[in-house]
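K.L.:
next one to model:
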Amino acid sequence: MSRARLRVDWRAAIALLGRVLVALAVPLGIPLVLAFYYGSDPVPFLGAIAVTVAVGGLCTRVHDDPGGSLGHREGFLMVALTWFSVALVGTIPYLVAGMGTDSTLALPANALFESMSGFTTTGATVMGEISFEQHSRALLLWRQLTQWLGGMGIVVLAVAILPELSVGGAQLMDAEAPGPGIEKLTPRIAETARVLWLAYLGFTLLEAALLYGLHLAGFADGMTLYMSVAHALTTLPTGGFSPAARSIEAFSAAVQWVIIPFMVVAGTNFALIWHAVSGEPDHLFSDTEFKSYLAITGLVGLAIAGMLFTGSGLEPVGTTGASFDAGYVEALRGDVVGNVERIVRDGLFQAASIVTTTGYANVDFNAWSAPAQYFLLAAMFVGGSAGSTGGSVKIIRWLVVGKALKRELFGAVHPEAVSPVRLGGTVIDEDVVHSISSFTVLYIVCFFLGGALIALDAARVGLGYGHIELLSAVASTLGNVGPGFGSIGPMNNYLGFPDTSKLLMVFLMWVGRLEILPVFVLLTRAYWTE
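P.N.:
Sure thing, here's the model as predicted:
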């Protein structure tokens with residue numbers, strides 16, 4: 001490809017990437033301070049800071065005025081490179097901390113998997129043991145912090161704070177923002193980015209305060225200040241990492257009830273939330289996507305709770321396959337009426353967790369029956385609202401696809417009728433309908449192709465994973481959900497997969513977080529030359 005035909009100013013994208021990498025040294029300073037406070041090794045974070053500043057500084061030198069050269073093509077390139085580059089930097093603390101130990105994160109493929117899972121807010125893990133004995137509090141907080149940074153978006157944050165990026169912020173937000181589009185709340189795109197991050201920060205602080213308040217009041221044993229902050233950092237980004245080995249199951253019912261509404265908030269369009277807290281709640285309750293999102297989440301939760309109540313949602317004790325908590329099954333079977341609150345809580349919590357792609361677990365749902373697990377598998381494809389921190393397909397896309405399908409059926413009977421696709425009384429532009437339909441098809445193709453490749457790789461090394469385990473692994477990584485079923489269930493990990501499968505899942509997490517297009521468009525000749 002000759003330079004004369006190249007239509008992308010890659011130097012501008014690299015220079016802007018450099019500014020983001022230099023800025024990444026600031027959040028790396030938080031676990032560094034914590035390392036000094038707790039007396040743990042600060043070298044993992046000092047090394048990461050040195051690398052990101054050095055590499056970022058070199059990148060900034062390739063272009064004198066990158067903001068002035070930023071267009072849509074450069075935006076796609078910069079966004080795709082940013083997410084992969086920060087994940088690479090994020091591996092350094094894991095690798096350095098794991099040197100000379102038996103930590104699973106000492107292996108490059110595992111460290112990259114954990115870092116990409118963090119920044120893409122997937123929540124899948126390859127940590128063999130999650131405990132303060134095995135890992136320092138500073139390292140585990142860095143793990144939590146990667147999800148918080150990735151939730152609202154590293155590029156959105158950069159647009160808000162870096163003047164060089166604000167110049168072309170509209171192009172970057174189009175490529176970065178989750179969903180078909182994000183509402184411009186203020187006249188300036190940089191100010192819109194600040195507003196979104198302000199709402200994001202505010203709810204994070206509120207959740208941390210409520211969780212720690214429960215602890216002080218005696219309703220949340222173990223939810224210390226550290227744990228409260230750590231879980232707030234991964235709830236709002238719909239991330240799901242937890243410093244507790246058994247996720248939210250390790251904490252009281254009061255903690256679980258507090259976390260549920262914050263997961264729902266995290267899956268809501270933050271532009272709507274900003275309107276609501278600014279005194280315009282009508283924007284929230286008149287929004288078709290928001291109402292559909294609440295309805296779907298509630299119906300999934302109540303359906304699972306109904307199955308648990310009747311016993312059809314429980315796996316028989318003594319079943320073969322992945323291990324699960326038999327005591328949980330026995331308790332519900334022995335006293336259903338006495339466990340109504342727990343049944344409702346388990347159903348609603350896991351529905352909110354999976355629909356929003358948070359991936360927390362307040363129960364080992366390996367103990368649930370196949371019908372209940374299939375409900376969760378289907379929920380992995382729903383996703384939250386556009387403009388939220390949730391992953392997967394998104395509610396608004398399914399609404400548009402459903403209405404477009406309804407129009408096609410109507411058109412088959414009335415071929416001369418002109419019937420635009422409407423959503424909440426608003427006509428959806430045909431280009432948007434085609435774009436959403438194309439994305440949905442591409443997402444499904446990626447799911448099945450990824451499943452086939454991982455199944456082949458598992459067979460190559462002789463792994464005995466079942467179909468639902470393999471399908472849930474692809475659905476969870478592509479949709480940035482986190483846990484799967486069976487041996488990769490909520491209380492287990494992805495460590496058993498070969499490195500080749502882990503690297504494929506790293507790719508799935510990357511393209512899933514960027515909603516496929518910003519990565520796949522780079523692979524086309526037209527992007528570079530036409």
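K.L.:
mind checking the longest helix of this protein?
P.N.:
Identified as the longest helix of the chain according to DSSP state H is helix 430-460.
K.L.:
buried residues in that helix?
P.N.:
Residues of helix 430-460 classed as buried: 433, 436, 439-440, 443, 446-447, 450-451, 454-455, 457-458 (neighbour count, 16 or more other Cβ atoms under 10 Å). All C-beta atoms are positioned from the backbone trio N, CA, C, and that covers glycine.
K.L.:
who's in contact with G239?
P.N.:
Neighbouring residues of G239 by Cβ atoms under 8 Å, 6 or more residues apart in numbering: 118, 121-123, 144, 147-148, 150-151, 233, 358-359, 482.
K.L.:
and if you look at L210?
P.N.:
V258.
K.L.:
what distance do you get for it to F262?
P.N.:
L210 sits 8 Å away from F262, going by Cβ to Cβ, to the nearest Å.
K.L.:
swap in D325?
P.N.:
25 Å.
K.L.:
next: L405.
P.N.:
34 Å.
K.L.:
those two: who's more crowded?
P.N.:
F262 (23 against 12; other Cβ atoms under 10 Å).
K.L.:
contacting residues for the residue most central in space within the chain?
P.N.:
Central residue of the chain (Cα atoms, centre = their mean): T121, 3.2 Å from the mean position. Going by Cβ under 8 Å, 6+ apart, T121 touches 147, 150-151, 234, 237-240, 357, 389, 391, 480, 513.
K.L.:
low-confidence ranges, the stretch 1-150 of the chain, go.
P.N.:
1-5, 66-69, 100, 102 (pLDDT under 70).
K.L.:
meant to ask about the chain, not that
P.N.:
1-5, 66-69, 100, 102, 161-187, 316-323, 530.
K.L.:
now the next helix or strand after the longest helix of the chain against helix 430-460, angle please.
P.N.:
Downstream of helix 430-460, the first helix or strand assigned by DSSP states H and E is helix 467-478. Going by axes from the mean of the first three to the mean of the last three Cα atoms, to 10 degrees, helix 467-478 is angled at 130 degrees with respect to helix 430-460.
K.L.:
so which elements touch helix 467-478?
P.N.:
Contacts defined by 3 or more Cβ pairs under 8 Å, 6 or more residues apart in numbering; DSSP states H and E place helix 467-478 against helix 370-379, helix 430-460, helix 499-513.
K.L.:
what's that helix in contact with?
P.N.:
Contacts of helix 467-478 (Cβ under 8 Å, 6+ apart): 122, 124, 322, 359, 370, 373, 377, 380-381, 443, 446-447, 450-451, 454-455, 458, 465, 481-488, 494, 497, 505, 508-509, 511-512.
K.L.:
send the alpha carbons of that helix over as PDB?
P.N.:
Extracted in PDB, the C-alpha atoms of helix 467-478 (Å, rounded to 0.1, in the frame of the first residue of the first chain):
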ATOM      1  CA  HIS A 467     -21.800 -27.100  24.900                       C
ATOM      2  CA  ILE A 468     -23.400 -24.700  27.300                       C
ATOM      3  CA  GLU A 469     -19.900 -24.000  28.900                       C
ATOM      4  CA  LEU A 470     -18.400 -23.200  25.500                       C
ATOM      5  CA  LEU A 471     -21.300 -21.100  24.300                       C
ATOM      6  CA  SER A 472     -21.500 -19.200  27.600                       C
ATOM      7  CA  ALA A 473     -17.700 -18.600  27.400                       C
ATOM      8  CA  VAL A 474     -18.200 -16.900  24.000                       C
ATOM      9  CA  ALA A 475     -21.400 -15.000  25.000                       C
ATOM     10  CA  SER A 476     -19.700 -13.800  28.100                       C
ATOM     11  CA  THR A 477     -16.500 -12.500  26.500                       C
ATOM     12  CA  LEU A 478     -18.000 -11.100  23.400                       C
END
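K.L.:
ok, now which ones touch G313?
P.N.:
Under the criterion of Cβ under 8 Å, 6+ apart, the neighbours of G313 are I304, G306, M307, W368, S369, P371, A372.
K.L.:
quick one, phi/psi of it?
P.N.:
Note on G313: backbone dihedrals following degrees, to the nearest 10 are phi -100, psi 10.
K.L.:
now name the helix or strand holding M491.
P.N.:
Per DSSP H and E, there is no helix or strand for M491.
K.L.:
that one - how many residues pack around it?
P.N.:
Neighbours of M491 (other Cβ under 10 Å): 18.
K.L.:
the spatially closest residue to it that is not a sequence neighbour and T310: what is the separation?
P.N.:
Nearest non-adjacent residue to M491, counting by Cβ to Cβ, 6 or more residues apart in numbering: D364, 4.9 Å away. Distance of D364 to T310, computed by Cβ to Cβ: 20 Å.
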